[in-house]
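S.K.: Mind looking at a prediction? Sequence and model below.
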Amino acid sequence: MTGIHELIDRQRQFDAPPAEPEPPAATTPVNEGLEFLIAEARRMRDANWVDLEIILGGEIVAVAFGETSGDTWMHLCGSNPPKRDSDRPYGYDCAAVSRAFPAERIKLQGKPTDASTWASVWDLLAEEDCANVQAVLWGIHIGDHLEARKRLMAQRDAPSEAAAD
């Protein structure tokens, strides 16, 4: 059992002001590599758009959805918890997330839209189109990343060609 004096000493250590941080080191090759990966991840996210056709007012309308940041996606999903049993596997209300999806990552007929217009479109979609929108949004934010992880893990874990010789 820990004595009271030892506990007091531990608390004093916790309460002590933190040491002054060391000045940042010069950029190292590792940091340069990380900076490249960060820039590449941003480029890939910004370029990740999926096209979909929906029916609106008796016409086929082209809709494109762009991937949002992970933080935006998590906030959107966290703000819309599952309401139906069918949403539970996803961990969010699929319909509410689709309706509230950021308009800056939606294009209608190839043109930017606004939140009010997208909400109006969403409210008028047939069930099949709603399901397709939900699938696209899940795919670009979850499914694609799961597939990439699976592929990269398999590449990492595969025996190298040099070892096979």
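M.R.: Now that the structure is in, tell me what you want to look at.
S.K.: Under the pLDDT cut-off, which ranges of the protein? List them.
M.R.: Along the chain, the parts satisfying pLDDT under 70 run over 1-5, 7-30, 161-165.
S.K.: Point to the residue nearest the middle of it.
M.R.: Nearest to the geometric centre of the chain sits residue 70, at 3.0 Å (Cα atoms, centre = their mean).
S.K.: show me what contacts it?
M.R.: By Cβ atoms under 8 Å, 6 or more residues apart in numbering, the contact list for residue 70 reads residue 141. To be clear about C-beta, it is placed using only N, CA and C from the backbone, and glycine gets the same treatment.
S.K.: if we look at the helix ranked longest in the chain, which residues are touching it?
M.R.: In the chain, with assignment by DSSP state H, the single longest helix is helix 29-47. With contacts defined as Cβ under 8 Å, 6+ apart, helix 29-47 is touched by 27, 66-69.
S.K.: what's the closest of these to residue 114?
M.R.: Nearest to residue 114 out of those is residue 66 (Cβ to Cβ; 15.0 Å).
S.K.: Can you tell me the closest non-neighbouring residue to that closest one?
M.R.: Spatial nearest neighbour of residue 66, excluding adjacent residues (Cβ to Cβ, 6 or more residues apart in numbering): residue 105 at 3.9 Å.
S.K.: and the next element down the chain from whatever helix or strand residue 137 lives in?
M.R.: Using DSSP states H and E, residue 137 falls within helix 127-138. Later in the chain than helix 127-138, the nearest helix or strand by DSSP H and E is helix 144-157.
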